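**Q** Fold the stuff below for me.
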Amino acid sequence: MFENFMIAMEAVAPMFLIMLIGVFLKWKNMLTPAEVKKVNKFTFNVFYPFMTFSSIYGAELGEAVDVPLLVYTLVMVLLVFFLATA
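**A** Residues are numbered from 1 along each chain as shown. Below you'll find the model as predicted:
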């Protein structure tokens, strides 16, 4: 149980740290609103995809892939898609 919590924290903590740094910089008026927009865009277009790739690349494929969950997700996504387009 604790191991699962630590895995979740390793995935979520860097994102919260980036958000806290942004809040601190804005709170201290170290960035103008235009700079905040640019940093936001850069963070979402560069840092988050890089962190996601890094997490996936470092994972053990055998442990990370849960075939029944993938099948269930695929079926539900297709069901919602077909219901929404019907």
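**Q** For the rest of this, base every contact and every neighbour count on C-alpha atoms.
**A** Fine.
**Q** so how far is the helix or strand of the chain with the lowest mean pLDDT from its chain's centroid?
**A** Across the helices and strands of the chain, mean confidence by mean pLDDT, DSSP states H and E is lowest for helix 61-64: a mean of 70. Relative to its chain's centre, helix 61-64 lies at 19 Å (C-alpha atoms, centre = their mean, to the nearest Å).
**Q** One more: stretch 78-85?
**A** The answer for stretch 78-85 is 25 Å, by C-alpha atoms, centre = their mean.
**Q** Tell me where the model's unsure across this structure.
**A** 1, 64 (pLDDT under 70).
**Q** any idea how far the helix or strand just after the least confident helix or strand of the chain is from the chain center?
**A** Elements were assigned by DSSP states H and E; along the chain past helix 61-64, the next helix or strand is helix 67-85. Mean C-alpha position of helix 67-85 versus that of the full chain (C-alpha atoms, centre = their mean) differs by 21 Å.
**Q** what's downstream of the host helix or strand of Phe16, the next helix or strand?
**A** Assigned by DSSP H and E, Phe16 belongs to helix 2-27. Sequence-wise, the next helix or strand downstream of helix 2-27 (DSSP H and E) is helix 33-42.
**Q** and the angle for that next one with helix 2-27?
**A** 160 degrees (axes from the mean of the first three to the mean of the last three C-alpha atoms, to 10 degrees).
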